[in-house]
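Q: sequence and computational prediction follow.
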Amino acid sequence: MEAWSSRIKNRIDGVMILLLFFVFFLSLLFLYLQHIDERSKNYYNYKKTVEKLHLYNQQLDSTFIRSYRYLDNDKITHTSKMFEVELEFLQNNELTQIFGIELQKILLKIADKYNRKIELVESFKTLNARITSSVYYLYELSRQIKNNGKLQADMESLLSNILFKIGQVFLDTDIDALHLKEDLKKIGTQQYRDEDLVYFYKHVEQFLQDVKLIQKILVEQNMLNLDETINRLNQLLEKEYLQSQKQEDRITLIFFIFAFIILIVLINTYFRVLRKKEEVNYLAYHDTLTHLPNRTEFERYISGLIEKKSKGMKAFAILFIDLDRFKGINDTLGHDIGDKMLIILSKRICKVIGEKNFLARIGGDEFVALIERKKDIKKIEVLVEEVASAIREPIQIKEYSLNTTASIGIARYPKDGRDKSTLLRHADSAMYHAKDMGKDTYAFYSKKLSVEIERRLKIEQELVYALKRNEFSVSYQPQYRLDTKEISGVEALIRWHNKMLGNVSPEEFITVAEDTGLIVELGYYIFREACKTYMAWKEQGVHINFIAINMSSVQLRQYDAFEKLKAIIEETGIDAKHIELELTERYIMEYTTDKLTILDDLRALGCRISIDDFGTGYSSMSYLRSLSIDTIKIDKSFIVELPYNKQDVEVSQAIIVLSQSLGYEVIAEGIETLEQEQLLQSFHCEMGQGYYFAKPMSSEKIVSFYHEKQNK
């Protein structure tokens with residue numbers, strides 16, 4: 001009996017041990033499968049990241065395919081930034097711990113090759129832009145040479161032949177096979193006959209050099225084989241993943257008796273993968289912040305819409321919506337505030353345009369709407385006004401009450417274009433036109449905009465050589481004290497006369513110069529000329545307190561701007577206290593206080609700082625108070641209708657009182673009548689500037705004007 005009892009006890013103990021072992025082993029299996037699942041998720045993330053690297057690399061490769069054609073620089077910049085984001089993700093996680101030193105070496109190779117590719121892209125963009133501009137200039141120059149009628153028929157034929165061969169280059173004909181150098185030598189023997197022929201010779205010569213350089217870039221780009229290196233990374237990930245899968249299979253076989261449990265786990269995993277796929281698919285076509293369709297989805301949608309509409313030729317409109325001053329809010333208050341603002345605005349716009357129309361976010365603060373239901377312009381205008389009004393309403397986020405507006409460009413299908421690229425480009429052009437009109441408005445695309453764009457291109461082409469041709473001059477407009485009529489300062493104003501374009505206003509060419517970077521060299525030219533002129537006046541007995549010089553924000557962003565300005569001051573011998581640098585409100589609002597140290601440096605050197613066109617921007621007195629500023633210039637738009645416009649009277653008086661309370665001097669621009677001068681004087685405005693006192697004049701006339709005022 002005892003023996004039987006002992007056998008039963010031993011069996012029960014054995015079952016318990018087996019059960020405990022089973023539970024323990026099952027726990028290990030569960031933990032291992034959890035580990036495998038986590039690694040699978042990581043693999044999917046890494047795989048998607050590598051695929052994105054492939055995609056962005058292919059998009060960069062497509063840049064080189066567009067030789068001698070228009071390049072979308074914003075898209076290239078966006079692609080490169082996205083590549084860097086994905087590469088940084090791979091570099092800053094546990095990948096190196098999992099795969100070891102081999103993966104780290106591959107990532108370093110990818111980074112090195114990518115950096116070289118970006119250098120090639122930047123060189124390619126510069127050369128490509130220069131080549132396309134050169135060709136336009138050569139055609140214009142050839143026409144001018146032929147119109148002069150000084151050349152013989154064989155030389156005219158030679159010019160035409162060269163232009164034809166240059167056109168063949170744009171069709172990917174090998175440049176050496178065209179024998180352009182031999183044709184160029186023939187011109188070289190005749191170029192002394194005509195100055196324009198000299199320009200033609202030099203530009204063709206430069207064109208050939210640029211084409212050779214761009215061909216070298218294309219050869220080096222092909223040899224980089226960045227895609228192959230990314231493939232090696234992909235293969236390494238694939239290899240490790242396959243090994244993990246084999247290990248999982250082996251353990252699954254060992255634990256075959258737990259098939260039912262494993263099946264449940266696999267079913268659960270399967271549904272999770274399905275959800276992940278749906279999420280990935282959603283994220284691929286939607287903006288993660290606003291959950292609106294993204295640019296990819298917009299392009300897919302509009303392509304389908306055009307294909308569908310082309311059969312019946314039904315019209316629709318594209319609204320290109322760009323928020324005004326959003327960057328200032330984003331940089332000043334932080335990206336979290338900016339993100340919340342974008343979410344609120346996207347909901348407002350959706351509510352206005354309705355569910356039947358399409359809205360996408362295609363950039364940081366850029367939205368595109370497709371309006372299919374509005375057939376006539378008046379109905380579209382009503383809708384656009386409603387969108388603008390919704391955006392204009394105050395937005396309350398935390399303790400901030402924020403305001404913004406939008407510039408909206410409108411292009412209509414099929415009137416303004418029959419493909420997505422043309423329509424979007426024309427809507428974008430109309431949007432920029434709306435910004436030029438003062439923002440917070442909308443504009444329809446018209447052929448006139450294309451004419452304006454063509455003029456801008458001509459201005460850009462001529463600006464490249466304007467300084468070398470000595471086409472710029474500097475005029476000077478006196479500033480005076482309203483109470484004593486004494487000349488207190490002089491503002492330096494740049495003027496440009498071009499033999500092809502005639503007199504070009506600063507309003508036209510300054511913006512172009514800033515966009516192309518030419519403003520930097522031009523800015524130093526103006527600064528040096530103004531300082532030299534001031535010292536020349538001093539020798540002629542002209543004693544003026546300061547000379548005001550406009551500075552571009554683009555120039556002040558240069559890392560060596562302070563050193564170069566200081567060098568010019570030392571070179572010309574001017575005392576820095578006689579220099580007043582005029583900056584726009586836009587510069588102040590675009591940069592936070594910690595990025596404005598150059599103003600403190602210049603002020604420490606002795607320079608005065610002035611805010612030009614005050615009142616046209618959106619800065620506040622509380623913000624300006626923390627900056628190193630000496631003078632506020634009231635914009636002439638507030639002066640022109642004085643004393644008859646009551647609102648301008650109140651605004652001008654308010655600016656003067658607030659500025660003086662903060663210790664700033666005030667200059668009123670655009671004074672043209674005695675009544676304006678007397679009203680401003682009654683407001684205790686210290687200084688003025690305008691045609692009523694003196695128009696802009698040459699440096700020589702300033703001398704006689706000064707002595708004339710002194711004698712009086």
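A: Yes, it's here. Numbers count the residues shown, from 1 in each chain.
Q: tell me where the stretch 501-650 of the chain has helices.
A: 506-516, 519-539, 553-556, 561-572, 585-590, 597-605, 621-624, 646-661 (DSSP state H, counting those that start in this stretch).
Q: please read the previous query as pertaining to the stretch 201-350 of the chain.
A: Under DSSP H, counting those that start in this stretch, the stretch 201-350 of the chain gives helices at 226-254, 259-285, 295-312, 326-333, 335-353.
Q: show me what the longest one packs onto, helices and strands only.
A: Identification of packing neighbours for helix 226-254 by 3 or more Cβ pairs under 8 Å, 6 or more residues apart in numbering; DSSP states H and E yields helix 2-65, helix 95-99, helix 101-148. Where you see a C-beta, it was placed from the backbone N, CA and C, and this is true even at glycine.
Q: what's the first helix or strand after the first one?
A: Right, the one you point to is helix 2-65. The helix or strand immediately downstream of helix 2-65 is helix 73-91, counting by DSSP states H and E.
Q: can you point out the buried residues in that next one?
A: Ile76, His78, Thr79, Ser80, Phe83, Glu86, Leu87, Leu90 (16 or more other Cβ atoms under 10 Å).
Q: kindly report the same for stretch 519-537.
A: For stretch 519-537, the neighbour count (16+ other Cβ under 10 Å) marks 519-520, 522-524, 526-534, 537 as buried.
Q: can I get the helices of the stretch 501-650 of the chain in TSV with distance to Asn225?
A: Below are the helices of the stretch 501-650 of the chain laid out as TSV (distance: least, Cβ to Cβ, whole Å):
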stretch	distance to Asn225
helix 506-516	34
helix 519-539	37
helix 553-556	37
helix 561-572	40
helix 585-590	41
helix 597-605	43
helix 621-624	51
helix 646-661	61
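Q: any idea which of the ones you listed scores lowest on pLDDT?
A: With a mean of 57, helix 621-624 has the lowest mean pLDDT of the helices of the stretch 501-650 of the chain.
Q: quick revisit: now tabulate the helices of the stretch 201-350 of the chain in JSON lines and tack on distance to Glu119, mean neighbour count and mean pLDDT.
A: Shown next, in JSON lines, are those (distance: least, Cβ to Cβ, whole Å; neighbours: other Cβ atoms under 10 Å; pLDDT from 0 to 100):
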{"stretch": "helix 226-254", "distance to Glu119": "13", "mean neighbour count": "15", "mean pLDDT": "75"}
{"stretch": "helix 259-285", "distance to Glu119": "30", "mean neighbour count": "12", "mean pLDDT": "67"}
{"stretch": "helix 295-312", "distance to Glu119": "27", "mean neighbour count": "14", "mean pLDDT": "79"}
{"stretch": "helix 326-333", "distance to Glu119": "28", "mean neighbour count": "18", "mean pLDDT": "77"}
{"stretch": "helix 335-353", "distance to Glu119": "29", "mean neighbour count": "18", "mean pLDDT": "88"}
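Q: spatially central residue for this protein, please.
A: Geometric centre of the chain, nearest residue: Asp74, 6.5 Å, by Cα atoms, centre = their mean.
Q: in three-state terms, label the residue lying closest to that residue once chain neighbours are set aside for me.
A: The shortest distance from Asp74 to any non-neighbouring residue, by Cβ to Cβ, 6 or more residues apart in numbering, is to Gly363 (7.9 Å). Assigned with DSSP: H, G, I helix; E, B strand; the rest coil, Gly363 falls in the coil class.
Q: now do Met500
A: Following three-state DSSP, the label given to Met500 is coil.
Q: just the pLDDT at the nearest residue to it once chain neighbours are set aside, thanks.
A: Distances taken as Cβ to Cβ, 6+ apart put Glu462 closest to Met500, at 6.2 Å, once the chain neighbours are dropped. We have a pLDDT of 87 for Glu462.
Q: in the host helix or strand of Glu462, which residues are buried?
A: Assigned by DSSP H and E, Glu462 belongs to helix 447-466. Buried residues in helix 447-466, counted by 16+ other Cβ under 10 Å: Leu449, Glu452, Lys458, Ile459, Glu460, Gln461, Glu462, Leu463, Ala466.
Q: returning to what we had before: got TSV for the helices of the stretch 201-350 of the chain, with distance to Ser682 too?
A: Below are the helices of the stretch 201-350 of the chain laid out as TSV (distance: least, Cβ to Cβ, whole Å):
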stretch	distance to Ser682
helix 226-254	70
helix 259-285	63
helix 295-312	56
helix 326-333	34
helix 335-353	42
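Q: among those helices, which comes closest to Ala513?
A: Closest to Ala513 of these, according to Cβ to Cβ: helix 326-333, at 20.9 Å.
Q: quick revisit: mind putting the buried residues of helix 447-466 in CSV, distance to Glu571 included?
A: Output for these, formatted as CSV (distance: Cβ to Cβ, whole Å):
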residue, distance to Glu571
Leu449, 44
Glu452, 39
Lys458, 34
Ile459, 30
Glu460, 30
Gln461, 31
Glu462, 29
Leu463, 25
Ala466, 23
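Q: what's around the residue nearest to Lys75 when sequence neighbours are not counted, how many residues?
A: Among residues not flanking Lys75 along the chain, Gln59 sits closest, at 7.8 Å (Cβ to Cβ, 6+ apart). Neighbours of Gln59 under the rule other Cβ atoms under 10 Å: 16.
Q: so which of the helices of the stretch 501-650 of the chain gets nearest Ser488?
A: So among the helices of the stretch 501-650 of the chain, helix 519-539 is nearest, using Cβ to Cβ, at 13.8 Å.
Q: how's the protein carved up into domains?
A: What automatic domain parsing lists as the domains of the chain is 131-223, 295-445, 456-711.
Q: out of these, nearest to Leu233?
A: Per Cβ to Cβ, nearest to Leu233 of those: domain 131-223, 19.2 Å.
Q: now do the same end-to-end measure for that closest one.
A: End-to-end distance for domain 131-223: 23 Å, by Cα to Cα, to the nearest Å.
Q: just how off-centre is that domain within its chain?
A: A distance of 33 Å separates the centroid of the chain from that of domain 131-223, by Cα atoms, centre = their mean, to the nearest Å.
Q: quick one: Gln477 and Leu493, what's the gap?
A: 6 Å (Cβ to Cβ, to the nearest Å).
Q: what residues are shared contacts of those two?
A: Pro696 (Cβ atoms under 8 Å, 6 or more residues apart in numbering).
Q: just checking, what packs against the helix holding Glu462?
A: Judged by 3+ Cβ pairs under 8 Å, 6+ apart, helix 447-466 is in contact with helix 101-148, helix 420-436, strand 487-498, helix 506-516.
Q: CA atoms of that helix as CSV?
A: Taking Å, rounded to 0.1, in the frame of the first residue of the first chain, the C-alpha atoms of helix 447-466 are listed here in CSV:
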residue,chain,number,x,y,z
LYS,A,447,-0.6,86.0,-69.5
LYS,A,448,0.5,89.3,-68.1
LEU,A,449,2.1,87.4,-65.3
SER,A,450,4.1,85.4,-67.8
VAL,A,451,5.3,88.7,-69.3
GLU,A,452,6.4,89.9,-65.9
ILE,A,453,8.2,86.6,-65.3
GLU,A,454,10.0,87.1,-68.6
ARG,A,455,11.0,90.6,-67.6
ARG,A,456,12.3,89.3,-64.3
LEU,A,457,14.4,86.8,-66.2
LYS,A,458,15.9,89.6,-68.3
ILE,A,459,16.6,91.6,-65.2
GLU,A,460,18.3,88.6,-63.6
GLN,A,461,20.4,88.0,-66.7
GLU,A,462,21.5,91.7,-67.0
LEU,A,463,22.2,92.0,-63.3
VAL,A,464,25.0,89.4,-63.5
TYR,A,465,27.1,91.9,-65.6
ALA,A,466,25.7,95.2,-64.3
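Q: noted, bye for now.
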